[in-house]
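Undergrad: Next input, structure requested:
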Amino acid sequence: MRGKDSVEVCFSPRLFPDIMTIGEFVVVLVDILRATTTICTAIGNGAQAIIPVETLDEARQLKEHGFLVASEKDGIQLDFADFGNSAFSFTREAIGGKTLVYCTTNGTKALHVAAGTGTANGDLAARECGARVGDGGGIASGRAGPGGARVVVI
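TA: Below you'll find the predicted structure:
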């Protein structure tokens, strides 16, 4: 049962609608392996914009319209993608000044789930939001679940 000071951990974006249905809450998106780290790296290396999409079909359609695409399924770069999901690929030379469409197995789906809840990026902002609202929740975007995914919510 959720109380004023509770923290809920959601181990997949697909489970979010079932878990977070009561009252107001703060979502802390913790994706320590790839998606959010890669997005921050791309922006830091001069990407003009990142368009996170939920489906491979969306990514393919945008590729057909001339966008660069970074995409993976279960950690493997897809054949139509210009990049996989490694932050090391997003050098200033490769993406500086460009818009990048991004689709991952779970991370970009978690971003879309969290987008409608009022989110904070960074632990200080998340702590402040948590202190103001007094309730919290997190989405782990890994697939392994409680036994295989290490999730720390501060």
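
Undergrad: Pull the contacting residues for V101.
TA: Applying CB atoms under 8 Å, 6 or more residues apart in numbering to V101 gives the contacts I51, V53, E58, A59, L62, K63, F67, L68, V69, A70, S71. Every residue, glycine included, has its C-beta placed from N, CA and C.

Undergrad: Where neighbours are concerned, which of those residues has the most?
TA: A70 (29 neighbours; other CB atoms under 10 Å).

Undergrad: On the three-state scheme, that one is what?
TA: Recorded secondary structure, A70: strand (DSSP: H, G, I helix; E, B strand; the rest coil).

Undergrad: I'd like to know how many residues surround R92.
TA: For R92, the neighbour count with other CB under 10 Å is 12.

Undergrad: Would you mind measuring from the nearest residue to it once chain neighbours are set aside to T91?
TA: Of all residues beyond its chain neighbours, the one nearest R92 is N45 (4.4 Å), with distances taken as CB to CB, 6 or more residues apart in numbering. Distance of N45 to T91, given as CB to CB, to the nearest Å: 6 Å.

Undergrad: show me the contacts for I39.
TA: With CB under 8 Å, 6+ apart, I39 has these contacts: I50, P52, Y102.

Undergrad: and if we set it to 10 Å?
TA: Residues in contact with I39 (CB atoms under 10 Å, 6 or more residues apart in numbering) are 31, 47, 50, 52, 70, 85, 87, 90, 100, 102, 104, 107-108, 111, 121.

Undergrad: Buried among those? Make that a ChimeraX selection.
TA: Entered in ChimeraX, the line below selects the buried ones among the contacts of I39, by 16 or more other CB atoms under 10 Å:
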select :31,47,50,52,70,85,87,90,100,102,104,107,108,111
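
Undergrad: That'll do, ta.
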